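Participant: What follows is a predicted protein model with its sequence.
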Amino acid sequence: MQYNQNPNVYYIRPKTPKLKNDAVTVILKILLLGGIFFSVIFTDILSFNSLFLYKISSGTSDYFSSLMGGANMLDALSILDDGMLLTSYKVIVPIVMTLLYFGLYILYVKLFAYLMFNQFMVLGAEFDIRKFRICLDCSFIFLTLAIGFGDLAFTFYPTAYTVGKILVNLFAAVAALAIFFFSYTRKMEKKYYPIVLHIMMIPAITLLLFV
């Protein structure tokens, strides 16, 4: 490697390549948005049932009032009739949560792609951002669907929700990471397998902590 002694020449670090959308990537984004919506809608229904019980329980209302220094949030909610609350929790809240989670996913993708690109650049290997996004989007579509079907099952068995949801989410996250790894390393030289696993450590820990 040659060292350039010219002080007027600066090394410009390449930036992580940006994805150029095509039909496949756009469809995957739409499916991911749908998957996120599906994954939160049944959670919101379960939350609505809990909120409805709080709403009609004067003892619970008084308890929250004492915690909040006399400001009773549940009294404010009582202004809304049950139909308005149901509409909010079945339509408005899932849409807002879908957009929020999709925004967080974009940040997650940027971090993951940054780590992958920089490590591949050091190794002199090619980093295909399109392949990376397709593999990651597909794995997260699976994740959202698995969580959604899990929450759907818990609407029939609400007593198992607390423990069961944690186990389902962890299993879905590990499976999604495995889907990404095997799809992304397909047709890749085996010497890159441990490198990809090493790069995945921070994204994997982040996903398992917040899933």
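Facilitator: Yep, it's here.

Participant: Using the three-state scheme, assign F182.
Facilitator: Using DSSP: H, G, I helix; E, B strand; the rest coil, the structure places F182 in helix.

Participant: Sorry, wrong one. I was asking about K20.
Facilitator: coil.

Participant: distance of it from R130?
Facilitator: 7 Å (C-beta to C-beta, to the nearest Å). For every residue, glycine as well, the C-beta is placed using N, CA and C.

Participant: check contacts around T25.
Facilitator: 19, 130, 133-134, 137 (C-beta atoms under 8 Å, 6 or more residues apart in numbering).

Participant: Now flag whichever of these is closest to L177.
Facilitator: D137 (13.8 Å; C-beta to C-beta).

Participant: State the helix or strand in which the closest residue to the closest one other than its chain neighbours lies.
Facilitator: Distances taken as C-beta to C-beta, 6 or more residues apart in numbering put L28 closest to D137, at 4.2 Å, once the chain neighbours are dropped. In the assignment (DSSP states H and E), L28 maps to helix 23-56.

Participant: Also A204?
Facilitator: helix 201-210.

Participant: Just the buried residues of that helix, please?
Facilitator: Neighbour-count burial for helix 201-210 flags 203-204, 207 (criterion: 16 or more other C-beta atoms under 10 Å).

Participant: so what secondary structure elements neighbour that helix?
Facilitator: helix 93-123, helix 161-184 (3 or more C-beta pairs under 8 Å, 6 or more residues apart in numbering; DSSP states H and E).

Participant: which residues sit against it?
Facilitator: Outside helix 201-210, the residues touching it (C-beta under 8 Å, 6+ apart) are 108, 111-112, 115, 170, 173-174, 176-177.

Participant: Let's see that with 7 Å instead.
Facilitator: 108, 111-112, 115, 170, 173, 177 (C-beta atoms under 7 Å, 6 or more residues apart in numbering).

Participant: Alright, calling it a day.
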